[in-house]
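Trainee: Please find the sequence and the predicted model below.
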Amino acid sequence: MRRAKITIVGAGNVGATTAHWCAAAELGDIVLVDIPATEGMPAGKALDLMEASPIVGFDSNIQGVTSYEATEGSDVVVITAGIPRKPGMSRDDLLATNAKIVGSVAEQIKKTSPQAVIIVVSNPLDAMVQRVWQVSGFPHQRVLGQAGVLDTARYRTFLAMELGVSVEDISALLMGGHGDTMVPLASCTSVGGIPVTQLLPEKRLQEIIQRARDGGAEIVGLLKTGSAFYAPAAATAQMVESIVRDKKRLLPCAAYCDKEYGVGGYYVGVPVVLGTGGVERIIELKLTDSEKAAFQKSVDAVKGLVGAMAKLV
Ligand code: LAC
């Protein structure tokens, strides 16, 4: 069987750690790309990671490069390029700089890997994925964004810590944009099949939901010189896996919604089925009135961001 070819653009913390998780799970051959000014850095990280393969036991060819030739014909392209947040910055503060960066990456991918599924990770996520879709001209099913898997993982982690149970038994869903308005859905959260509302008082659950919303900023505040990367990279690798193995996982991802949820042509976090074709289905749930209102508020924030981006690029 031919191995999948996975390109990761941006060899910084998120990109290199995504390569690490993808290699460890033997998801395919990996090309790690960064800008020419980084010289040997992507090659050094790739070689270092490959030298771990006899120890960990994975067969993956991992290359680090500073131009796109080696990425040609990729099945999946992950875009992590862009500047990360510093303390005091919101994800939205990155808008102008990162819109230009991801736009030029999308131009390259369009030329070298026209059949790829693109997963965007750069922030502010919902606007960046819209930008990549616009510039690439790819069908919207083959462009999606990573956010919901990470945000849901944070929510699941905090619930497991609170309840003293395995994270594996916490199943949850989160919708909306990857920002302060994201919407963790208490109605879709269960612990070993038991609705979470039977295990936690409402007030405590709301505190945990708020911590999940602020999860990215909590890490930025601790690290001081950058933002989270282990969990964002693990989330991305899980999406790559569902695509290259055609697993059809049902995961929250930033997907293009037009009629779905009445969004009207924007990328926003919704539950999707992920397979070889990218977003193969968007699941439309019945939301409670308050969830509907919170989701709408989040969609409005995404629209505002995309509107602001249109004036900058
Ligand atoms: C976070 C950043 C990467 O949520 O968006 O940690």
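Mentor: That came through, no problem. Numbers count the residues shown, from 1 in each chain.
Trainee: Now do the contacts for residue 275.
Mentor: 242, 243, 246, 247, 248 (C-beta atoms under 8 Å, 6 or more residues apart in numbering). Where C-beta positions appear, they are placed from N, C-alpha and C, glycine not excepted.
Trainee: To clarify, my last question referred to residue 107.
Mentor: Counting by C-beta under 8 Å, 6+ apart, the residues that residue 107 touches are residue 135.
Trainee: And it, how far from residue 114?
Mentor: 12 Å (C-beta to C-beta, to the nearest Å).
Trainee: Likewise for residue 291?
Mentor: 38 Å.
Trainee: Output the set of residues of the stretch 1-150 of the chain in proximity to the ligand.
Mentor: By the rule C-beta under 6 Å from any ligand atom, the part of the stretch 1-150 of the chain lying against the ligand is 91, 123, 150.
Trainee: Out of those residues, which end up buried?
Mentor: Using 16 or more other C-beta atoms under 10 Å as the burial test, these include 91, 123, 150 as buried.
Trainee: all helices for the chain, in order.
Mentor: 13-24, 41-50, 53-56, 95-112, 125-136, 148-163, 202-213, 215-223, 230-244, 289-312 (DSSP state H).
Trainee: So in the chain, where's the weakest helix or strand by average pLDDT?
Mentor: strand 183-184 (a mean of 90; mean pLDDT, DSSP states H and E).
Trainee: Identify the residues contacting the residue of the stretch 1-150 of the chain found nearest the ligand.
Mentor: Closest approach between the stretch 1-150 of the chain and the ligand, counting by C-beta to the nearest ligand atom: residue 123, at 5.0 Å. For residue 123, the contact set (C-beta under 8 Å, 6+ apart) comprises 82, 84, 85, 91, 94, 98, 178, 227.
Trainee: wouldn't residue 18 be in contact with residue 78 here?
Mentor: Yes: using C-beta atoms under 8 Å, residue 18 makes contact with residue 78 at a distance of 5.8 Å.
Trainee: so what sits against both of the two?
Mentor: The contact lists of residue 18 and residue 78 share 8, 121, 236, 240, where a contact means C-beta under 8 Å, 6+ apart.
Trainee: Count the neighbours of the last one for me.
Mentor: Other residues within reach of residue 240 by the criterion other C-beta atoms under 10 Å amount to 27.
Trainee: Over to the second one?
Mentor: When counting by other C-beta under 10 Å, one arrives at 30 neighbours for residue 121.
Trainee: list the contacts for the nearest residue to residue 75 once chain neighbours are set aside?
Mentor: Once flanking residues are discounted, residue 75 sits nearest to residue 4: 4.7 Å by C-beta to C-beta, 6 or more residues apart in numbering. The contact partners of residue 4, by C-beta under 8 Å, 6+ apart, come to 27, 28, 29, 75, 76, 244.
Trainee: switch the cut-off to 7 Å
Mentor: 27, 28, 75, 76, 244 (C-beta atoms under 7 Å, 6 or more residues apart in numbering).
Trainee: Adding pLDDT and neighbour count, write these out as CSV.
Mentor: Shown next, in CSV, are these (pLDDT from 0 to 100; neighbours: other C-beta atoms under 10 Å):
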residue, pLDDT, neighbour count
27, 98, 22
28, 98, 22
75, 98, 21
76, 98, 27
244, 98, 21
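Trainee: With distance to residue 209 added, can I get the residues you listed in TSV?
Mentor: Output for the contacts of residue 4, formatted as TSV (distance: C-beta to C-beta, whole Å):
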residue	distance to residue 209
27	32
28	36
75	36
76	31
244	32
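Trainee: Could you list which of those residues belong to strands?
Mentor: residue 76 (DSSP state E).
Trainee: shouldn't residue 71 be in contact with residue 112?
Mentor: Yes: Residue 71 lies in contact with residue 112 (C-beta atoms under 7 Å); the separation is 5.3 Å.
Trainee: Give me the local confidence score for the residue most central in space within the chain.
Mentor: Central residue of the chain (C-alpha atoms, centre = their mean): residue 146, 1.5 Å from the mean position. Residue 146 is assigned a predicted lDDT (pLDDT) of 97.
Trainee: Now do the phi/psi pair for it.
Mentor: Phi and psi for residue 146, reported as degrees, to the nearest 10, are phi -90, psi 120.
Trainee: what's near enough to touch residue 211?
Mentor: By C-beta under 7 Å, 6+ apart, the neighbours of residue 211 are residue 158.
Trainee: Distance check, it against the ligand.
Mentor: 13 Å (C-beta to the nearest ligand atom, to the nearest Å).
Trainee: same check, this time on residue 229
Mentor: Taking C-beta to the nearest ligand atom, one finds residue 229 at 7 Å from the ligand.
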